[in-house]
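Q: Please work out how this folds:
(one chain, ligands or ions: 1)
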Amino acid sequence: MRFDVVTLFPDMITAAASYGVTGRAIQREIVSLSVWNPRDYTNDKHRTVDDRPYGGGPGMVMKYRPLHDAVESAKQACSQPAKVVYLSPQGKPINQALLSEACAVSQLILIAGRYEGVDERFVSKDCDDEWSVGDYVISGGELAALIVIDAITRLLPGVLGHEGSALQDSHMNGLLDYPHFTRPEQIEDSSVPDILLSGNHADIEIWRMKQMLGRTWQKRPDLLKNKKLSAAQENLLQQFKSEVE
Ligand code: 9D3
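A: Presented below is the predicted three-dimensional model:
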């Protein structure tokens, strides 16, 4: 998988992506990451990338030409089919399903905007899709691009070891995770659930599924609305509910 990020702050992308899971995936060449600065595609003395909005109003707008030329360079760096995604507050909210589908393309070109946004003709002529990371305001697209790179990288074959397999990730199955415990066994008046000390791995697996269902019901009931549970899962959730009161 190849990621290309068009950004006025390229160091922000390469620095953050060099850590942890993404950093290892880059080192092991499962992922390649390149950055393209629209400022390098300007011709004037001041290397101008923004201008005042037609119609007036506050803030500045990113100019078409430097963005277009940066994307063209990113496309030429790879002959495989590319998808160009503009990260913006107006985009589709990303989720695990949308990101899983994105793994099918071999090159993802991510556009991180700054200022009030980009010239709308860049969105319509040069971009294939528009994605948001949620209904809150951040200052630019770089952190959003990093979220997309991180979440997709975790899904690529060979990136996670089997113990941390992406299939085991919470949200892959549409449920929240079960609770985790480690030593010591006792912290003040709080102990570890007995089942986890029992060594009975079949029962532990069932208990964990019950916790996933119960915690999703308690903390994120909206996730259960669009989810079909098996008969066994329905049964575990009923048990959890009856034990709450
Ligand atoms: C004054 C109106 N604002 C629009 C909601 C201006 C504005 C805010 C933030 C314009 C650009 C931005 C920068 N945001 C992003 O680039 C961004 C973003 C976001 O703010 N929220 C959720 N997802 C994303 S993806 C990129």
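
Q: Over to residue 86. Which of the three states is it?
A: Residue 86 falls in the strand class when you classify it by DSSP: H, G, I helix; E, B strand; the rest coil.

Q: can you check the one 5 residues further on too?
A: Under the three-state scheme (three-state DSSP), residue 91 adopts strand.

Q: Could you do residue 152 as well?
A: Three-state call for residue 152 (three-state DSSP): helix.

Q: could you check the distance from it over to the ligand?
A: Distance of residue 152 to the ligand, given as CB to the nearest ligand atom, to the nearest Å: 15 Å. Any C-beta I mention is one placed from the backbone N, CA and C, and that applies to glycine too.

Q: how many neighbours does that residue have?
A: Neighbourhood size, residue 152 [other CB atoms under 10 Å]: 21.

Q: Let me see the contact set for it.
A: Neighbouring residues of residue 152 by CB atoms under 8 Å, 6 or more residues apart in numbering: 1, 3, 99, 102-103, 108.

Q: repeat that with 7 Å
A: Residues near residue 152 by CB atoms under 7 Å, 6 or more residues apart in numbering: 1, 99, 102-103.

Q: Give me the pLDDT for it.
A: Note on residue 152: pLDDT of 98.

Q: quick one, strands of this structure?
A: For the chain, the strands defined by DSSP state E occupy 2-6, 32-36, 50-51, 61-62, 82-93, 107-112, 129-132, 186-187, 190-191.

Q: can you give me the angle the fifth one makes with strand 2-6?
A: Counting by axes from the mean of the first three to the mean of the last three CA atoms, to 10 degrees, strand 82-93 lies at 70 degrees to strand 2-6.

Q: Please identify the buried residues of strand 82-93?
A: Residues of strand 82-93 classed as buried by neighbour count (16 or more other CB atoms under 10 Å): 82, 84-89, 91.

Q: Those residues: which two are farthest apart?
A: 82 and 89 (23.6 Å; CB to CB).

Q: Between the strands of the chain, which one is closest to residue 73.
A: So among the strands of the chain, strand 32-36 is nearest, using CB to CB, at 5.8 Å.
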